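Engineer: Predicted model follows, preceded by the sequence.
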Amino acid sequence: MIILGIETSCDDTGVSVFHSEKGILSNVVSSQVKLHAQWGGVYPDLAAREHTKNIIPVLDNALKEAGIDLLDIDGIAVTVAPGLIVSLVIGISAAKALKWSLKKPLIPVHHIEAHIFAIFLSEEVEFPFVALVVSGGHTELYIIKGFEDYLYLGGTLDDAAGEAYDKVARMLGLGYPGGPIIDKLAKEGKEVIKFPRPLLGEKGKNRFNFSFSGLKSAVMREIEKKIYRKEDIARSFQEAVVDVLVGKTVDAVEEFGIKNVVVAGGVSANSRLREKFLKEGKRKNFSVHFPPLYLCTDNAAMIAYTGYRRLKEKGTTIGYDFEGKARLR
Ligand code: KG4
Ligand code: ZN
């Protein structure tokens with residue numbers, strides 16, 4: 001089976017061809033990161049205009065790289081939620097046009113679900129596992145019991161972890177996206193300030209929720225004092241974020257007695273996060289799985305693959321009346 005995947009939920013235009021026996025045949029991503037750098041974050045109207053310009057060339061390249069004809073495709077998988085609505089509708093419209101012209105099934109994919117299932121493109125992980133999804137738009141914890149059998153444990157009450165990285169980088173005048181820059185800079189710094197670990201160790205309904213906006217303000221206050229070097233502030237901030245992300249995931253592992261953890265989304269590229277997770281996994285006897293870097297950030301291979309599973313295992317398809325959704329549990 002050959003599935004075409006389309007991803008336009010944020011600022012990356014992605015098209016991928018997935019083959020059920022041969023794996024990923026192509027995975028083309030056109031990044032708008034340089035364009036958005038001047039805003040220090042994603043500017044929705046600009047993102048939508050770029051998707052409109054890029055979607056057909058990216059589709060063309062994905063087909064060429066895969067060495068297949070459009071007519072060989074058995075289905076079209078598209079991100080329908082969550083994301084910037086003005087961006088989502090570009091990919092959904094393209095997918096509907098393909099459905100109409102090819103008369104092939106259209107399969108809906110949830111962006112977060114796809115981030116989690118991207119792991120299966122590189123290795124098999126046994127169910128159930130705890131999934132931590134950390135990106136520019138999301139910080140969420142789930143128990144994944146099987147395909148389409150998910151338990152939502154909690155998520156951020158304000159900023160996402162990646163968003164906090166991007167905002168702190170902007171406050172330090174470091175550029176965008178902030179995650180990789182802070183990751184690198186922190187290696188040269190020391191944890192000179194013990195920033196708060198928001199909601200870590202919390203009992204009750206917030207035990208699996210996150211909150212990074214107070215931490216961001218605490219960092220702002222330190223920057224304004226002009227006492228410490230950027231490296232040290234970056235390191236101190238990163239230690240706090242990583243402690244919270246790893247700590248809450250370990251709490252979920254222990255509470256539910258689970259042996260596998262999958263960490264997905266753009267922030268899972270963070271070197272300190274990976275290091276700490278592997279160390280805790282050894283200490284507490286659970287195994288941690290990270291998708292390779294090119295599958296951590298937004299891409300359409302994860303959409304094509306998740307769509308493939310949905311069609312094969314559930315037979316779910318949608319019609320032309322389907323709309324994208326900015327939010328969807
Ligand atoms: O998954 P992704 O590509 O897009 C979203 O769906 O948001 O994630 C992008 C986010 C950005 O906030 C970026 O700063 C962050 O992932 N990021 C990192 C690292 N690489 C990317 N954050 C921390 N450390 C990194 N090495
Ligand atoms: Zn994403």
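Structural biologist: Everything's here; your move. Ligands and ions are numbered 1, 2, ... in the order given.
Engineer: Does residue 176 touch residue 43 like I think?
Structural biologist: No: applying Cβ atoms under 8 Å as the test, residue 176 and residue 43 come out as separate, 11.1 Å apart. Every residue, glycine included, has its C-beta placed from N, CA and C.
Engineer: Show me whatever sits in contact with both of the two.
Structural biologist: Shared contacts of residue 176 and residue 43, defined by Cβ atoms under 8 Å, 6 or more residues apart in numbering, are found at residue 36.
Engineer: Looking at these two, which one has more neighbours?
Structural biologist: It is residue 176, of residue 176 and residue 43, that has more neighbours when counted by other Cβ atoms under 10 Å, with 20 against 17.
Engineer: Distance-wise, check the nearest residue to the more buried one once chain neighbours are set aside relative to residue 181.
Structural biologist: Taking Cβ to Cβ, 6 or more residues apart in numbering, and ignoring the residues beside it in sequence, residue 176 has residue 37 as its nearest neighbour in space, at 4.5 Å. Residue 37 sits 11 Å away from residue 181, taking Cβ to Cβ, to the nearest Å as the criterion.
Engineer: Which one's more surrounded, these two?
Structural biologist: Taking neighbours as other Cβ under 10 Å, residue 37 and residue 181 compare with residue 181 leading, 18 against 12.
Engineer: any idea which helix or strand carries the more buried one?
Structural biologist: Residue 181 is part of helix 178-186, with elements assigned from DSSP states H and E.
Engineer: So for the closest residue to residue 233 other than its chain neighbours, what pLDDT did the model give?
Structural biologist: Nearest residue to residue 233, sequence neighbours excluded (Cβ to Cβ, 6+ apart): residue 222, at 5.8 Å. For residue 222, the pLDDT comes out at 97.
Engineer: intersection of neighbour lists for residue 37 and residue 181?
Structural biologist: residue 175.
Engineer: packing partners for the helix or strand the residue nearest to residue 233 falls within?
Structural biologist: For residue 222, the enclosing helix or strand under DSSP H and E is helix 213-225. The contact analysis (3 or more Cβ pairs under 8 Å, 6 or more residues apart in numbering; DSSP states H and E) places helix 213-225 against helix 161-171, helix 230-256.
Engineer: so which of those helices gets nearest ligand 1?
Structural biologist: With Cβ to the nearest ligand atom as the criterion, ligand 1 lies closest to helix 161-171 of those, at 2.6 Å.
Engineer: Buried residues of the closest one, list them for me.
Structural biologist: Neighbour-count burial for helix 161-171 flags 161-169, 171 (criterion: 16 or more other Cβ atoms under 10 Å).
Engineer: And the host helix or strand of residue 77, what does it pack against?
Structural biologist: Per DSSP H and E, residue 77 falls inside strand 75-81. For strand 75-81, the packing partners by 3+ Cβ pairs under 8 Å, 6+ apart come out as strand 2-7, helix 85-102, strand 106-110, helix 111-117, helix 301-309.
Engineer: Ligand 1 is nearest to which of those?
Structural biologist: helix 111-117 (6.5 Å).
Engineer: now that closest one, how far from the chain's geometric center?
Structural biologist: 7 Å (Cα atoms, centre = their mean, to the nearest Å).
Engineer: do that helix and ligand 1 meet at all?
Structural biologist: No: Helix 111-117 lies out of reach of ligand 1 by Cβ under 6 Å from any ligand atom, never closer than 6.5 Å.
Engineer: tell me the mean pLDDT for that helix?
Structural biologist: The model assigns helix 111-117 a mean pLDDT of 97.
Engineer: for stretch 138-151, same thing?
Structural biologist: 97.
Engineer: ok now that stretch, how far from the chain's centre?
Structural biologist: That offset, for stretch 138-151, works out to 14 Å (Cα atoms, centre = their mean).
Engineer: In that stretch, which of the residues would be classed as buried?
Structural biologist: Here stretch 138-151 shows 138-144, 147, 150 as buried, counting by 16+ other Cβ under 10 Å.
Engineer: quick check, nearest of the residues you listed to ligand 1?
Structural biologist: residue 138 (6.6 Å).
Engineer: hang on, the closest one packs against residue 154?
Structural biologist: No: counting by Cβ under 8 Å, residue 138 does not reach residue 154; the two are 11.7 Å apart.
Engineer: confidence score at residue 287?
Structural biologist: 98.
Engineer: Is it bridged to anything, and to what?
Structural biologist: residue 260 (DSSP bridges).
Engineer: Identify the residues contacting it.
Structural biologist: Residue 287 touches 259-261, 281, counting by Cβ under 8 Å, 6+ apart.
Engineer: interface residues of this structure facing ligand 2?
Structural biologist: 135, 298 (Cβ under 5 Å from the ion).
Engineer: per-domain residue ranges of the chain.
Structural biologist: The chain breaks down into these domains under automatic domain parsing: 2-116+296-314, 125-290.
Engineer: was I right about residue 132 contacting residue 260?
Structural biologist: No: counting by Cβ under 8 Å, residue 132 does not reach residue 260; the two are 11.8 Å apart.
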